[in-house]
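1. I need the structure of the sequence given here:
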Amino acid sequence: MNNSKSRIKQLAYRIVQAEKIGMIKDCGLEGATGKKVLTILQHAIQLLDDDECYVEIGVYRGLSLISTSIVAPHITALGIDNFTQFDKNNSNKTIVENLIHQHQLQNTRLINMDFEDALNSLDKYLNGKKIGLFFIDGPHDYRSQLVCLLFAKRFFSDQAMIVIDNCNYNHVRQANQDFLIGNPEFKLLFEGYTKSHPANLKGEELKHAWDTWLDGVNVIVRDRENELQPMYPPTIRDRSLFFNDHRIHPMRNSILAWRAAKLAAVLKPFHPIMFLAYLMKLIIEVRKRKKTEIEPYPYINSLAKDLPYFNLNKLKIDS
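-> From the prediction side, this is the model:
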């Protein structure tokens, strides 16, 4: 890495270059990451020192993992995924392993684990290295986004760079904002968004999204020298959705609340065919649940039945 100027300045320059010139190498792989996001990752990994590594959450079919690690073969790259989502044929892990072999990537390794378990035991895989570049593209709920940042923080290098995908979602931006406010040594360096989720786009708008940020991106850097002013991703001030989490979680069959929400989505304006389809799917899913999976109370299941009445932590006694 060129140490004549700070990594933050180098990364800012490379983000500008990413916007202008595109990817260093297009591997032509299948995946769900915008080309400009991949370009930022490719440029960023080339800034890492030998004692740093690249870690990503959410590998899917290997687009970002392969595209990033291939341009920096001397940097260790770790992809974390338990391959339980978007994998009907149970083929994604094999696809990624074949790509690693096909491109002869000696620096690239899969960690086939739940992301929380992997982050809690990541020191076993880092071999003394620190995370210099961290890409978050796993579960997109608020808690998972924040957990990824918080659990990985202890492994970050002094000049760590964090790229977060799917930032068009307000709850993803909210997790990023909450992390930044709670950890002021980290700053938002760059944010880029598209008009909407790609599922809502067509034609040239959809093509533009795939060619750029797809579903939005935030880039966060560790800024120990305070080179950057505080900047936060925009969020919706109304916190009702987050407050309602507490009302949803204790309810019977709350794990299917998202299906009930789909009913509300088609009530106004009313789409009778979609409403009936969603209703039938909800009924089927509820009836499929085993009695042992259903909470005993209709509204307030605190899941406290087996919690200890009195449990005092043991003090560490100096020998």
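2. which residues touch the residue nearest to residue 52 when sequence neighbours are not counted?
-> Excluding its sequence neighbours, the residue lying closest to residue 52 (Cβ to Cβ, 6 or more residues apart in numbering) is residue 132, at 2.9 Å. For glycine as for every other residue, the C-beta is placed from the backbone atoms N, C-alpha and C. By Cβ atoms under 8 Å, 6 or more residues apart in numbering, the residues touching residue 132 are 47, 48, 49, 52, 53, 54, 75, 157, 159, 160, 161.
3. Tally up the residues packed near the third one, please.
-> Residues lying near residue 49 (other Cβ atoms under 10 Å) number 15.
4. I'd guess the residue nearest to residue 52 is in a strand, am I close?
-> Yes: the assignment for residue 132 is a strand, going by DSSP: H, G, I helix; E, B strand; the rest coil.
5. May I see the contacts of residue 132 arranged in CSV, with secondary structure as well?
-> As requested, the contacts of residue 132 are arranged in CSV below (three-state DSSP):
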residue, secondary structure
47, coil
48, coil
49, coil
52, strand
53, strand
54, strand
75, coil
157, strand
159, strand
160, strand
161, strand
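6. which one of those is nearest residue 223?
-> Distance ranking of the contacts of residue 132 against residue 223, using Cβ to Cβ, places residue 159 first at 9.2 Å.
7. where's the closest one relative to residue 52, distance?
-> 8 Å (Cβ to Cβ, to the nearest Å).
8. Repeat that for residue 237.
-> 37 Å.
9. Same check on residue 287?
-> 51 Å.
10. Which one of those two is surrounded by more residues?
-> Comparing residue 287 with residue 52 by other Cβ under 10 Å, the one with more neighbours is residue 52, at 24 against 7.
11. ok, the more buried one - contacts?
-> 75, 129, 130, 131, 132, 133, 157.
12. Let me see the contact set for the third one.
-> This means residue 130. Residue 130 neighbours (Cβ under 8 Å, 6+ apart): 51, 52, 53, 155, 156, 157, 158, 160.
13. Show me where the stretch 51-200 of the chain has its strands.
-> Secondary structure of the stretch 51-200 of the chain (DSSP state E, counting those that start in this stretch): strands located at 52-57, 76-80, 108-111, 130-136, 156-165, 186-192.
14. Make CSV from the ones you listed and add mean pLDDT and distance to residue 150 to it.
-> Putting these into CSV (pLDDT from 0 to 100; distance: least, Cβ to Cβ, whole Å) gives the following:
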stretch, mean pLDDT, distance to residue 150
strand 52-57, 98, 13
strand 76-80, 98, 15
strand 108-111, 98, 18
strand 130-136, 98, 12
strand 156-165, 98, 11
strand 186-192, 98, 11
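15. rewinding a little: buried ones among the contacts of residue 132?
-> 47, 48, 52, 53, 54, 75, 157, 159, 160, 161 (16 or more other Cβ atoms under 10 Å).
16. Was I right to think residue 139 contacts residue 115?
-> Yes: Residue 139 sits in contact with residue 115 when judged by Cβ atoms under 8 Å, with a separation of 7.3 Å.
17. hang on, the earlier thing: quick one: which of the contacts of residue 52 is nearest to residue 119?
-> residue 131 (10.1 Å).
18. related to what we said a few turns ago, return the member of the contacts of residue 132 nearest to residue 67.
-> residue 54 (11.2 Å).
19. Show me what the closest one is bridged to.
-> Residue 54 has these beta-bridge partners by DSSP bridges: residue 77, residue 133.
20. Give me the distance between residue 171 and residue 181.
-> 16 Å.
21. For the two, indicate the residue with more neighbours.
-> Each of residue 171 and residue 181 has its neighbours counted (other Cβ under 10 Å); residue 171 has more, 19 against 11.
22. In terms of pLDDT, where does the more buried one sit?
-> With respect to pLDDT, residue 171 scores 97.
23. ok, now which ones touch the nearest residue to it once chain neighbours are set aside?
-> Closest residue to residue 171 apart from its sequence neighbours, by Cβ to Cβ, 6+ apart: residue 142 at 4.3 Å. Applying Cβ under 8 Å, 6+ apart, we find residue 142 in contact with 171, 172, 174, 175, 242.
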